[in-house]
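Engineer: My questions are about this predicted structure, shown below with the sequence.
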Amino acid sequence: MEKNIKILGFVGSLRKGSYNKALMRAAVELVPDNAAIEIFDLAGIPPFNQDLENQPPQILNDFKMKIKAADALLIATPEYNYSIPGVLKNAIDAASRPYADKVFDGKPVAVMSASTGRLGGARAQDHLRQSFVFLNMYPINQPEVMLAQANKNVDANGNLTNEDTRKLIRQLLEELVKWTKKLNEKR
């Protein structure tokens, strides 16, 4: 019997009505039958302080444990000032320390973004991918999921209404599952 792929999803926005949370909810609905997505809420991870990296708070230990247990990661990020939001950068930096833990090392990862702008978070995705290089992660390159004008494509209840984006999310998840299996075969 084929093993289900465990995907850990997290969103780089704390806003209750976040368009990126809408993308993640859609992903949970669209995940292939041979995979499951668990969501981790980044709220509560304190600002990273290197003086305390060997005594992390419980929420950070929980986050790192979930990353280690996951077969793959799914990140949804808004774009702030042409880059990723501080909450996401902080969570990644904090979870990556101490360096010997290497919780991100070799992890397959997929990225989605939503923005009210015309580029749908493309620049944030680019900056996030730069971090993947140092962390030795293996991102899915295509399809790219970048929801532009998110305010016109998410309804008042926080549901993604754009069918083309829903199809892309489904394809992204299918590719993430295939990529994860392929990488696991080589280990």
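Structural biologist: Here it is on my side, so go on.

Engineer: quick one, helices of this protein?
Structural biologist: 19-30, 58-69, 86-95, 122-135, 163-185 (DSSP state H).

Engineer: Would you mind finding the most buried of those helices?
Structural biologist: Comparing the helices of the chain by mean neighbour count (mean count of other CB atoms under 10 Å), helix 19-30 comes out on top with a mean of 22. C-beta: built from backbone N, CA, C; applies to glycine.

Engineer: So for the residue nearest the centre of the chain, what's the nearest residue that isn't a sequence neighbour?
Structural biologist: With distances taken as CA atoms, centre = their mean, the chain has residue 75 as the residue nearest its mean C-alpha position (1.0 Å). Residue nearest to residue 75 in three dimensions, not counting chain neighbours: residue 111, with 5.2 Å by CB to CB, 6 or more residues apart in numbering.

Engineer: where are the low-confidence patches of the chain?
Structural biologist: Residues of the chain that meet the criterion pLDDT under 70 lie in 1-2.

Engineer: What residues does the residue nearest to residue 75 make contact with?
Structural biologist: Contacts for residue 111 were tallied using CB atoms under 8 Å, 6 or more residues apart in numbering; they are 74, 75, 76, 77, 125, 128, 129, 139, 140, 145.

Engineer: Looking at these, which is nearest residue 95?
Structural biologist: Distance to residue 95, by CB to CB, is smallest for residue 75 among the contacts of residue 111, at 12.0 Å.

Engineer: next one: stretch 8-21 to chain centre, how far?
Structural biologist: 9 Å (CA atoms, centre = their mean, to the nearest Å).

Engineer: again, but for stretch 146-162
Structural biologist: 18 Å.

Engineer: same thing with stretch 84-91?
Structural biologist: 11 Å.

Engineer: now swap in stretch 142-155 and tell me
Structural biologist: That offset, for stretch 142-155, works out to 15 Å (CA atoms, centre = their mean).

Engineer: sorry, back to before: list the beta-bridge partners for the residue nearest to the centre of the chain.
Structural biologist: residue 10, residue 111 (DSSP bridges).

Engineer: now it: how far from residue 124?
Structural biologist: 10 Å (CB to CB, to the nearest Å).

Engineer: Which residues are in contact with the residue nearest to the centre of the chain?
Structural biologist: Each residue near residue 75 by CB under 8 Å, 6+ apart is listed here: 9, 10, 11, 12, 88, 109, 110, 111, 112, 128.

Engineer: What is the nearest of the contacts of residue 111 to residue 178?
Structural biologist: residue 140 (9.2 Å).

Engineer: For the closest one, which residues are in contact?
Structural biologist: 108, 109, 110, 111, 172, 175, 176, 179.

Engineer: Tell me the spacing between the closest residue to it other than its chain neighbours and residue 179.
Structural biologist: Computed as CB to CB, 6+ apart, the closest residue to residue 140 that is not its neighbour in sequence is residue 110, at 4.4 Å. Residue 110 is 8 Å from residue 179, where distance means CB to CB.
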